[in-house]
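Asks: give the three-dimensional model of this entry:
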Amino acid sequence: MAAAAAARPSLILLSLASSLSPFGMIVVVPTLAAMATAFGIGIGEAQFLIASYLFGLGIGQPLAGALSDRIGRRPVMLAGFGLFTVASLGCMFSPGFPALVFMRILQALGASVGTVGSRAIVRDTHDALGAVQALAWIGAAMGVAPVVGPAIGGLLGSWAGPTSVFGASALLGFVVTVALGMHLPETRSGRATVTRSAASWLTNYRELLCAPVFMGYTLMYAFTQGCFFAFLAVGAIVFEQHLGLGQQQFGLIWSSMGLVYIAGATAGARFSSVLGVSRALRWAALGAAGAGTALALVTTTLGVSLPGLLLPLAGLMLSAGITTPLSTAGTVNHRPDIAGTASGLSSSLALVVSGSFSIIAGQLYTGSFGPVAWMIAASASLSACAWWMTRGQPAP
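Replies: From the prediction side, this is the model:
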């Protein structure tokens with residue numbers, strides 16, 4: 001660990017790398033209605049720009065994790081972000097919607113290395129408690145993506161057309177690739193290389209999938225993200241149809257939610273040291289369940305209003321800021337010897353679960369937000385239930 005600490009990369013660099021994946025997804029959200037108009041498709045079909053990105057992440061993350069355990073963190077990170085940059089340009093100049101969807105999949109395959117590789121690098125270079133705290137601070141920095149992403153998407157979409165948002169992704173991808181090439185050392189130890197190359201990927205996956213603690217942390221992360229994927233699938237439409245607010249206003253308002261997430265992640269880094277990881281996660285999960293239930297009750301009984309949406313969503317976002325980095329740290333701390341594989345598998349499973357909430361929400365929404373609100377409440381409650389599976393994890 002001392003040698004790894006000497007090669008420890010900057011948390012700012014890892015935060016930048018981790019943020020590109022959520023930025024690439026969320027920057028498109030304010031432009032979905034405009035995308036539908038530009039390509040002559042329905043709003044339901046435009047949702048495939050989100051679903052295809054999630055599909056690419058779901059495929060890419062376990063592959064990126066396993067490859068980083070086998071051949072190293074640095075080459076996987078550089079190759080992934082190079083692909084993200086090229087695919088972002090492909091999205092920008094796609095001649096039709098099918099080509100755009102395909103490029104979105106490639107874009108996500110490249111971006112999948114960001115969070116997976118960064119978590120593995122943090123575990124390579126920190127002890128268990130240090131990994132929790134480092135990932136909490138990275139989580140706080142990642143909150144910048146939901147802040148600037150919708151704002152950039154809304155402004156660029158209104159000014160230069162919806163596909164211009166992919167130009168911003170390409171520019172950021174290029175910057176991250178160059179920064180990693182200049183400043184990212186290899187952190188995987190040579191001793192771990194022998195062990196990991198001799199082990200079967202399927203054996204590692206089976207051991208992780210059969211571990212209740214690993215699955216508990218993964219499901220906490222998945223159901224927490226499911227709340228926001230469900231809302232984002234219909235959020236721009238709800239703001240336009242129920243509140244009379246366009247894509248630019250939605251982007252700016254949703255950006256403010258990112259500030260709440262940053263506050264939660266910052267608080268989580270402190271609470272984990274004072275209360276312990278398990279207790280901090282328990283209170284955050286219970287808070288999310290309460291906020292989700294409040295959202296469903298208020299919007300069902302009183303109708304959709306801006307305060308009735310934003311106040312419960314702020315509570316959910318605050319809880320997510322605590323839950324997300326602590327639960328993802330739990331997955332790599334469970335098996336630090338295969339941190340890349342654990343990070344990739346956990347992220348992929350979480351995306352499959354949370355992405356399904358996005359798809360279901362798009363089908364449930366037929367003009368009434370109530371069914372989607374209750375699905376968000378159910379997802380938050382399931383995250384609280386998943387906490388019980390993690391109680392066997394020793395405190396870091």
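
Asks: roughly how far apart are residue 175 and residue 169?
Replies: Distance of residue 175 to residue 169, computed by CB to CB, to the nearest Å: 11 Å. All C-beta spots, glycine's among them, are computed from the backbone N, C-alpha and C.

Asks: my bad, residue 153
Replies: Distance, residue 153 to residue 169, using CB to CB: 10 Å.

Asks: what touches both of the two?
Replies: Residues touching both residue 153 and residue 169 (CB atoms under 8 Å, 6 or more residues apart in numbering) are residue 27.

Asks: quick one on the thing from earlier: neighbour count: residue 175 and residue 169, which is higher?
Replies: More neighbours surround residue 169 than the other of residue 175 and residue 169, with 27 against 14 (other CB atoms under 10 Å).

Asks: where exactly do the helices run in the stretch 201-350 of the chain?
Replies: With DSSP state H, counting those that start in this stretch, the ranges of helices along the stretch 201-350 of the chain come out as 201-209, 212-243, 247-274, 277-302, 306-334, 339-364.

Asks: residues of the fourth one that come out buried?
Replies: Buried residues in helix 277-302, defined by neighbour count with 16 or more other CB atoms under 10 Å: 277-278, 280-282, 284-296, 298-300.

Asks: again, but for stretch 262-275
Replies: Within stretch 262-275, the residues that count as buried by 16+ other CB under 10 Å are 262, 263, 264, 265, 266, 267, 268, 269, 271, 272.

Asks: contacts for the helix or strand containing residue 35?
Replies: In this structure, residue 35 sits in helix 32-39 according to DSSP states H and E. Contact with helix 32-39 is made by 28, 41-43, 45-47, 49-50, 96-97, 100, 157, 161-163, 236-237, 240, 247, as judged by CB under 8 Å, 6+ apart.

Asks: which of the residues you listed fall within strands?
Replies: With strands taken from DSSP state E, there is no overlap with the contacts of helix 32-39.

Asks: out of these, which end up buried?
Replies: Buried subset of the contacts of helix 32-39 (neighbour count, 16+ other CB under 10 Å): 28, 43, 46-47, 49-50, 97, 100, 157, 162-163, 236-237, 247.

Asks: how about low-confidence regions in the stretch 51-200 of the chain?
Replies: For the stretch 51-200 of the chain, applying pLDDT under 70 flags the ranges 143, 146-147, 190-200.

Asks: how about the helices in it?
Replies: Assigned by DSSP H, counting those that start in this stretch, the helices in the stretch 51-200 of the chain fall at 73-92, 97-111, 113-125, 128-142, 144-160, 165-183, 190-198.

Asks: for the fifth one, buried residues please.
Replies: Spelled out, it's helix 144-160. Using 16+ other CB under 10 Å as the test for burial, helix 144-160 gives 144-158.

Asks: between that helix and helix 306-334, how many degrees?
Replies: Helix 144-160 runs at 130 degrees relative to helix 306-334, counting by axes from the mean of the first three to the mean of the last three CA atoms, to 10 degrees.

Asks: can you tell me the closest non-neighbouring residue to residue 107?
Replies: Nearest residue to residue 107, sequence neighbours excluded (CB to CB, 6 or more residues apart in numbering): residue 87, at 3.9 Å.

Asks: what pLDDT, on average, does stretch 238-249 get?
Replies: Taken as a whole, stretch 238-249 has an average pLDDT of 82.

Asks: ok, residues contacting it?
Replies: Contact with stretch 238-249 is made by 30-31, 33-34, 153-155, 157-158, 236, 250, 253, 304-306, 309, 365, 367, 369, as judged by CB under 8 Å, 6+ apart.

Asks: which of the buried residues of helix 144-160 lies closest to residue 224?
Replies: Taking CB to CB as the measure, residue 224 lies nearest residue 146 of the buried residues of helix 144-160, at 13.7 Å.

Asks: burial count for residue 114?
Replies: If you count neighbours by other CB under 10 Å, residue 114 ends up with 30.

Asks: which residues touch it?
Replies: For residue 114, the contact set (CB under 8 Å, 6+ apart) comprises 17, 18, 19, 20, 21, 77, 80, 81, 176.
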